[in-house]
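> Here is my input; please provide its structure:
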Amino acid sequence: MRILIVDDQRTIRLTTSQAVRAEGHEADTADSGRLALLKLQEERFDLVVLDMRLEGEADGLEYLAKLQKIVPGLAVVICTAHASIDTAVEAMRRGALDYLEKPFTPEQLRTVLARVERTQRLRQRADRLADQVAHTAPAADFSPEDPAMKTVVDIVERAATTRATVLILGENGTGKSQLARHAHERSAVADGPFVTVSCPSLSRELLESELFGHVQGAFTGAVKDKWGKVEAARGGTLFLDEIGELPAELQPKLLRLLQERAYERVGDTKTRTADVRVIAATNRDLAAAVKAGAFREDLFYRLNVISVTVPPLRERPADLARLAQSFLRFFAQDSGRPVQKFSGPAWAAIRAHSWPGNLRELRNVIERAVILARGEQLEPSDLPAELASSAGAASVDLGALVSLDAIEREHVRRVIARTVKLEDAAGVLGIDTATLYRKRKRWAAGTDSPQPTAVADLG
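All right, here's what the predicted structure looks like:
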C-alpha cells in the first residue's frame, strides 16, 4: 500500500515511516493537515495515518472529513496520545477504518496495517463481484477438448504465476479478454484490480490521458487532475485490449512503462512508478505490422515474452458442442425458457456454420434462438436466416445420395463465410458476382433445396 503519515512531530513521522517500509509498503509524510490535503490532490494513497492533534490546526476529526471529501472512501487510521473510548467511537462513526493509541509498538502498527489491507482486498473483491453481477454472462470455459486450445490455456496458466508480460493473439470474438482475466485470477495479484484499456476506442490525446492520467490544465478540457488506468491498476493487472491499434506516438511511452515501470501523467514532470502486471491482446499480425513500420520492433519483442494464439471456433470442432450446450443452458435459465436441447436439423446447421464471429457470434445466436424458441428444443426457424438456410445442406458430404445442386449450395455457402466481400467469393468460385447473387436469391426462396439427412438430436 501507499501510506501517507500525517503528524506534526518529526520523530514520530520518521519512526512510523520506517515501520511502514519494513512491512513492504511505501511511505510518505506530511507535517500538517494542510500539506496532507495538497498531497492527496496530487498523489494517490491507499491509507492515511492521521494524528488526532495537529499543533495550530483543526483536530484530526475535522481533517478526517476534509480528506474523505477529496477522496471518497479513503482508508484513514486515527492515532493520538489522547485516547478515549468516546474519541475512538466518534472517529469510527465519521469513517475512520481503525484507531491507534500513542505510543504504539511496531507490532500494533503491523496488526492495524494487515487489517486495513484485508479490508481493502475485500472491498475490491466485492466491487468486482458487483461488476460481474451487473454484466451477467455465461462463465468462461477453460476446460477445452481441442488440443490447440488446451495448449493455449496451459501456457497462460503457467505464465500467470509470474510477472511476465503475456500477449494474446487471435481473431475477434475468440475470448482473448476472458483469457486475460483468467490469467489475472490465477496470478499472485488476483486480489488486486483488473483494469482494461481499449486502445482503439479513443483519440491519441484522450488515450494517453486514459492510460497515464493528466494534471489540471494539461490540455483543453483538463479542468482537474486525473489518475489514469495505470494507477487504477496498481497492485493488479493492466489489460491492453487491441494493442495493435496503439498510436505510434504512445508506443515509446508504453515501452518505457514495460521496461522501467515508469511513466508521467500528461502535463506533469514528476516520474511515477507503476506497480502493474501487463497483459495485451490483438487481432492484428504484429510481426507483419513491424515489417510495415506500423508497430515498433522493440515494443513488439517486449510484449512478446509469452505469446499465445487463440484458435478460431471453426478450428475447434471438439469444443463446439460443449460450448453451444453451455450457452443454451445459461440463457434458458436466465430468460426462464423451457429450452433443453437442439433439434437434429438445428444442430446440423450450427455444426456446418463457419462462425466468423467465433464465440461472440455463437453466444449471440444461441441467446436469440432461446428467446424465440416455442418449445423444449431449438429448431432451424429459431436461428438467424444465414444459419437456418444451411439446415438442409449442413450434412451434405461428397458421395452422399444428394443432388449436385445441394453440394454446390453448401460449397458456395462455406466460401462466402470465409471471404470478406461477395466479389471475393465470386472470384474464388470462378463466376461473376451477378451469377452468385442469382444463385443465393434462388436458394433463399427455397427452390431446389437439398433434403436433409438424419442427424441425431444433441440433448
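> Can you list phi and psi of residue 78 for me?
phi -90, psi 140 (degrees, to the nearest 10).
> Ignore what I typed, I meant residue 376.
Dihedral pair for residue 376: phi -90, psi 0, per degrees, to the nearest 10.
> Use 673 as the first number for this chain going forward.
Yes, from this point I'll number from 673; that puts the last item at residue 1048.
> That one contacts residue 1010, correct?
Yes. Between residue 1048 and residue 1010 a contact is recorded at 5.3 Å, counting by CB atoms under 8 Å. For glycine as for every other residue, the C-beta is placed from the backbone atoms N, C-alpha and C.
> quick one: the strands in the stretch 723-872 of the chain?
With DSSP state E, counting those that start in this stretch as the criterion, the stretch 723-872 of the chain has strands at 747-752, 770-773, 838-841, 866-870.
> Extract the CA atoms of the last one and return them as PDB.
The C-alpha trace of strand 866-870 is given here as PDB (Å, rounded to 0.1, in the frame of the first residue of the first chain):
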ATOM      1  CA  PHE A 866      -8.200  -6.000 -13.300                       C
ATOM      2  CA  VAL A 867      -8.300  -2.800 -15.400                       C
ATOM      3  CA  THR A 868      -8.900  -2.800 -19.200                       C
ATOM      4  CA  VAL A 869      -7.800  -0.100 -21.700                       C
ATOM      5  CA  SER A 870      -9.300  -0.400 -25.100                       C
END
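> Tell me which residues of it come out buried.
Using 16 or more other CB atoms under 10 Å as the test for burial, strand 866-870 gives 866, 867, 868, 869.
> Which members of these are the farthest-apart pair?
Distances among the buried residues of strand 866-870 were taken as CB to CB; the most separated pair is 866 and 869, at 11.4 Å.
> Next, show the common contact partners of these two.
residue 911 (CB atoms under 8 Å, 6 or more residues apart in numbering).
> what about stretch 749-769, how long is it end to end?
Chord length of stretch 749-769, first to last residue, is 6 Å (CA to CA, to the nearest Å).
> Likewise for stretch 874-893?
Per CA to CA, stretch 874-893 runs 15 Å from first to last residue.
> Now do the same for the nearest residue to residue 947 once chain neighbours are set aside: helix, strand or coil?
Spatially, and ignoring its direct neighbours in sequence, residue 947 is nearest to residue 906 (5.0 Å; CB to CB, 6 or more residues apart in numbering). Counting by DSSP: H, G, I helix; E, B strand; the rest coil, the backbone at residue 906 sits in coil.
> got the contact list for residue 906?
The neighbours of residue 906, taking CB under 8 Å, 6+ apart as the test, are 674, 716, 864, 865, 946, 947, 948.
> Most neighbours among these, which one?
residue 948 (25 neighbours; other CB atoms under 10 Å).
> I'd say it and residue 901 touch.
No. When contacts are counted by CB under 8 Å, residue 948 is not listed as touching residue 901 (9.0 Å).
> and for these two, which residues touch both?
What both residue 948 and residue 901 touch, as defined by CB under 8 Å, 6+ apart, is the set residue 910.
> mind listing what residue 679 touches?
With CB under 8 Å, 6+ apart as the criterion, the residues that contact residue 679 are 685, 688, 701, 703, 721, 723, 726, 751.
> cutoff 7 Å now
Residue 679 sits next to 685, 723 when contact means CB atoms under 7 Å, 6 or more residues apart in numbering.
> re the thing from before, how far away is the residue nearest to residue 947 from residue 719?
Using CB to CB, to the nearest Å, residue 906 is found at 13 Å from residue 719.
> Same question for residue 919.
Taking CB to CB, one finds residue 919 at 36 Å from residue 719.
> So what's the residue count around residue 1088?
Residue 1088: 19 surrounding residues under other CB under 10 Å.
> what about the closest residue to it other than its chain neighbours, which helix or strand?
Take residue 1088 and drop its neighbours on the chain: the residue closest to it by CB to CB, 6+ apart is residue 1097, 4.6 Å away. Assessed by DSSP states H and E, residue 1097 sits inside helix 1094-1101.
> Which neighbouring elements make contact with that helix?
helix 1076-1090, helix 1105-1116 (3 or more CB pairs under 7 Å, 6 or more residues apart in numbering; DSSP states H and E).
> And the first one, what does it pack against?
Which is helix 1076-1090. helix 1094-1101.
> quick one, the helix it packs on and helix 1105-1116 angle?
Note on geometry: by axes from the mean of the first three to the mean of the last three CA atoms, to 10 degrees, helix 1094-1101 and helix 1105-1116 are set 90 degrees apart in direction.
> And the average pLDDT for helix 1094-1101 is what?
Mean pLDDT, helix 1094-1101: 79.
> same deal with stretch 714-723?
86.
> any residues touching it, and which ones?
By CB under 7 Å, 6+ apart, stretch 714-723 touches 673-680, 688, 708, 732, 735-736, 739, 746-752, 788, 792, 897, 899, 903.
> what's the span of that stretch, first residue to last?
Start-to-end, stretch 714-723 (CA to CA) is 21 Å.
> just to revisit the earlier point, mean pLDDT lowest for which of the helices and strands packed on helix 1094-1101?
When I compare the helices and strands packed on helix 1094-1101, helix 1076-1090 is least confident, with a mean of 76.
> Keeping just the C-alphas, turn that one into CSV.
Extracted C-alpha coordinates of helix 1076-1090, given in CSV (Å, rounded to 0.1, in the frame of the first residue of the first chain):
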residue,chain,number,x,y,z
LEU,A,1076,-25.2,-31.6,-57.4
ASP,A,1077,-27.2,-28.5,-56.5
ALA,A,1078,-27.1,-29.5,-52.8
ILE,A,1079,-23.3,-29.9,-53.0
GLU,A,1080,-22.9,-26.6,-54.9
ARG,A,1081,-25.1,-24.8,-52.4
GLU,A,1082,-23.1,-26.0,-49.4
HIS,A,1083,-19.8,-25.2,-51.1
VAL,A,1084,-20.9,-21.7,-52.1
ARG,A,1085,-22.2,-21.0,-48.5
ARG,A,1086,-18.8,-22.0,-47.0
VAL,A,1087,-16.8,-19.9,-49.4
ILE,A,1088,-18.9,-16.9,-48.7
ALA,A,1089,-18.5,-17.4,-45.0
ARG,A,1090,-14.7,-17.4,-45.4
